[in-house]
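A.B. asks: Provided below are the primary sequence and the corresponding predicted coordinates.
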Amino acid sequence: MRGECVKTTKPKKQRKRLYQAPLHERYKQFSAPLSPELKSSHNTNSVPVRVGDTVRLMRGDRKGFEGKVTRVDRKKYRIFIEGVTREKVDGTTILVPIHPSKVMITRLNLDDKWRKEALKRKGIGKKAALPEEKIPEEKEKGPPKEEEKESTGNRQESRGA
């Protein structure tokens with residue numbers, strides 16, 4: 001039953017699936033978008049965050065901060081980034097937990113050979129199937145036709161009267 005991709009709209013069931021998900025499913029929910037440079041080089045939009053990846057915060061008070069992922073907490077769905085700290089009342093500093101959807105991966109940790117292979121598999125065929133250079137065709141549209149100019153002018157005159 002868990003392996004099936006059954007969609008449900010009930011919030012109660014969505015929360016239950018989130019909180020009771022096994023670790024191998026939680027791993028996939030740790031995906032974060034890649035930076036534009038990585039997107040083009042790996043032909044994929046998002047990858048699960050791992051320890052050693054460099055990420056940039058995209059939301060919150062620390063937006064724009066970039067640092068290395070030091071810890072991944074799959075139990076609480078949070079990551080911890082080097083340098084993102086908060087000072088407690090007693091003066092000690094602690095790392096701030098951040099949800100992986102609020103960051104963008106800027107540098108991947110490719111020490112793991114399985115991750116390299118997964119990136120190769122994931123990116124195959126996505127951009128190859130898309131037609132290349134569609135943008136110039138849209139730019140070749142000339143100025144609006146005279147008929148269109150007249151029709152827009154008539155509308156403005158009728159509004160003003």
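C.D. replies: Good, I have the coordinates.

A.B. asks: okay, how far is it across stretch 34-51, tip to tip?
C.D. replies: 15 Å (Cα to Cα, to the nearest Å).

A.B. asks: what does stretch 63-81 give?
C.D. replies: End to end - Cα to Cα - stretch 63-81 spans 13 Å.

A.B. asks: what residues sit buried inside it?
C.D. replies: 65, 67, 69, 72, 74, 77-81 (16 or more other Cβ atoms under 10 Å). Yep, even glycine has a C-beta here, placed from its N, CA and C like the rest.

A.B. asks: again, but for stretch 97-109
C.D. replies: Applying 16+ other Cβ under 10 Å to stretch 97-109 flags 98, 100-101, 103-106, 108 as buried.

A.B. asks: also stretch 28-45?
C.D. replies: Within stretch 28-45, the residues scored as buried using 16+ other Cβ under 10 Å are 30, 32-35, 38-39, 42-44.

A.B. asks: CSV for those, including distance to Pro22?
C.D. replies: Output for the buried residues of stretch 28-45, formatted as CSV (distance: Cβ to Cβ, whole Å):
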residue, distance to Pro22
Phe30, 13
Ala32, 21
Pro33, 24
Leu34, 26
Ser35, 30
Leu38, 28
Lys39, 29
His42, 27
Asn43, 29
Thr44, 24
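
A.B. asks: make a markdown table from those residues and add pLDDT, secondary structure and distance to Arg50 to it.
C.D. replies: Output for the buried residues of stretch 28-45, formatted as a markdown table (pLDDT from 0 to 100; DSSP: H, G, I helix; E, B strand; the rest coil; distance: Cβ to Cβ, whole Å):
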| residue | pLDDT | secondary structure | distance to Arg50 |
| --- | --- | --- | --- |
| Phe30 | 91 | coil | 8 |
| Ala32 | 94 | strand | 10 |
| Pro33 | 94 | strand | 15 |
| Leu34 | 94 | strand | 13 |
| Ser35 | 95 | coil | 16 |
| Leu38 | 92 | helix | 14 |
| Lys39 | 92 | helix | 17 |
| His42 | 90 | helix | 14 |
| Asn43 | 90 | coil | 19 |
| Thr44 | 91 | coil | 15 |
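
A.B. asks: out of those, which is nearest to Ile94?
C.D. replies: Closest approach between the buried residues of stretch 28-45 and Ile94, by Cβ to Cβ: Phe30, at 21.0 Å.
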